[in-house]
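1. Prediction below, plus the sequence it came from.
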Amino acid sequence: MNPIQINLVQESFAKVAPISEQAAVIFYDRLFEVAPTVKAMFPTDMKEQRKKLMTTLAVVVNGLSNLESVLPAASALAKRHVSYGAKPEHYPVVGGALLWTLEKGLGEAWTSEVADAWTAAYGTLSGYMISEAYGGAQAAE
């Protein structure tokens, strides 16, 4: 990711932050719509899970300028996800739901440049997480 992309991700996330609870509801509704089988990996009461999602996103987005600062936490999260039943093929589905949610939340502020920046950010982080959780061979698939 280049500095312009990092700035675009951070600025656009700042616009979503005020509606973070609503954004998290939209995200999980979309995720469960496109991948209903993953719903079993989550608690029935999603309130705390939605908070965790938005908190984690905030930490990652704020840490993009110094990615090394968030990689240890991303590695630990990836390894925990394995114990929940997450598989490498879930990452693109989650990424799609995230981008869809951001597009809905940002409206006209969702430009092709913002979309490209978020795609790069998610691709970088998810590739790293897959590699950490499943080994380098899985990340290349």
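-> Thanks, I have it. Residues are numbered from 1 along each chain as shown.
2. drop to CA atoms for contacts and neighbour counts, all remaining ones
-> Will do.
3. what about the strands in the protein?
-> Applying DSSP state E to the chain gives no strands.
4. just for it, where's the confidence low?
-> 136-141 (pLDDT under 70).
5. In it, what residue spans correspond to helices?
-> 3-16, 20-34, 47-63, 71-84, 90-106, 112-134, 136-139 (DSSP state H).
6. The fourth one vs helix 47-63, what angle?
-> Meaning helix 71-84. If you take axes from the mean of the first three to the mean of the last three CA atoms, to 10 degrees, helix 71-84 sits at 150 degrees to helix 47-63.
7. what does helix 71-84 contact?
-> Contact with helix 71-84 is made by 41, 125, 128-130, 132-133, as judged by CA atoms under 8 Å, 6 or more residues apart in numbering.
8. Flag every buried residue along that helix.
-> Residues of helix 71-84 classed as buried: 71, 74-75, 78-79 (neighbour count, 16 or more other CA atoms under 10 Å).
9. What is the nearest of the contacts of helix 71-84 to residue 88?
-> Nearest to residue 88 among these: residue 130, at 6.0 Å, using CA to CA.
10. If you tally nearby residues, what's the number for that closest one?
-> Neighbourhood size, residue 130 [other CA atoms under 10 Å]: 24.
11. cool, and residue 15?
-> Count around residue 15 with other CA under 10 Å applied: 14.
12. try residue 24
-> 21.
13. Equivalent analysis for residue 6, please.
-> Using other CA under 10 Å: residue 6 sits among 20 other residues.
14. Number of residues surrounding the nearest residue to it once chain neighbours are set aside?
-> Nearest residue to residue 6, sequence neighbours excluded (CA to CA, 6 or more residues apart in numbering): residue 64, at 6.3 Å. Residue 64 has 21 neighbouring residues, counting by other CA under 10 Å.
15. Perfect, I'm done here.
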